[in-house]
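**Student:** attaching a predicted model along with its sequence, questions to come.
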Amino acid sequence: MSAGPKQLGGEVVARSLAALGADTVFGLPGVHALAMWEGLRRIGLRGVGLRTELSATFAADGWSRVTGRPVPVLLSTGPGALNSLTGIMEAASSHVPVVAVISQIPSRELGRHGGWLHELPDQLGSFAPLVKWTARARSAEAVPGILAEAW
């Protein structure tokens, strides 16, 4: 790949998912996750937007069961992420490979409790007891490796 303009995290997410074999991505285009949806649009990866994070997670679970492949679900920070937990736990309990990709507040603000919109004190900690693995990308460059490991 030639050196060109720096890609934003949302496009890196979309390109990484496509490289891993995703053909369909489910989710809800919330304010913090919009860059990922723009990335899907830019590269032509099919995104299926639903009205709630819970519905999106169950849709990803169902698509994974039908295709036999891992299926990503894009979620927004905070309440959006938490709304997905029932579907995430169902997928985890049934050993269905759903890969939740959750947006976050700006990295420099993590742990500062500055009152950012949808900020959670410990977003990773909310998911850790329910899923196989969690990680946080602290830069766009870290995204491909983290998604590959999650996949």
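**Tutor:** Done, it's in. Numbering: from 1, shown residues only.

**Student:** longest helix of this protein?
**Tutor:** Using DSSP state H, we find that the single longest helix of the chain is helix 53-67.

**Student:** and stretch 82-94, C-alpha only, in PDB?
**Tutor:** Extracted C-alpha coordinates of stretch 82-94, given in PDB (Å, rounded to 0.1, in the frame of the first residue of the first chain):
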ATOM      1  CA  LEU A  82     -25.100  -1.300  26.900                       C
ATOM      2  CA  ASN A  83     -28.400  -1.800  25.000                       C
ATOM      3  CA  SER A  84     -26.600  -4.600  23.000                       C
ATOM      4  CA  LEU A  85     -25.700  -6.700  26.000                       C
ATOM      5  CA  THR A  86     -28.600  -9.100  25.900                       C
ATOM      6  CA  GLY A  87     -27.900 -10.000  22.300                       C
ATOM      7  CA  ILE A  88     -24.200 -10.100  22.900                       C
ATOM      8  CA  MET A  89     -24.700 -12.500  25.800                       C
ATOM      9  CA  GLU A  90     -27.000 -14.700  23.700                       C
ATOM     10  CA  ALA A  91     -24.400 -15.000  21.000                       C
ATOM     11  CA  ALA A  92     -21.600 -15.700  23.500                       C
ATOM     12  CA  SER A  93     -23.700 -18.300  25.400                       C
ATOM     13  CA  SER A  94     -24.600 -20.000  22.100                       C
END
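
**Student:** name the SS class of the residue nearest the centre of the chain, please.
**Tutor:** When CA atoms, centre = their mean is applied to the chain, the residue found nearest the centroid is Val101 (1.2 Å). Here Val101 is recorded as strand under DSSP: H, G, I helix; E, B strand; the rest coil.

**Student:** ok so, going back, helices or strands up against the helix or strand following the longest helix of the chain?
**Tutor:** As assigned by DSSP states H and E, the chain's next helix or strand after helix 53-67 is strand 71-75. Contact analysis of strand 71-75 by 3 or more CB pairs under 8 Å, 6 or more residues apart in numbering; DSSP states H and E lists strand 24-27, helix 53-67, strand 98-102 as its packing neighbours. Glycine gets a C-beta too; all of them are placed from N, C-alpha and C.

**Student:** my guess is Val25 meets Gly49, correct?
**Tutor:** No. Counting by CB atoms under 8 Å, Val25 does not reach Gly49; the two are 9.5 Å apart.

**Student:** which of those two has more neighbours?
**Tutor:** Val25 (27 against 14; other CB atoms under 10 Å).
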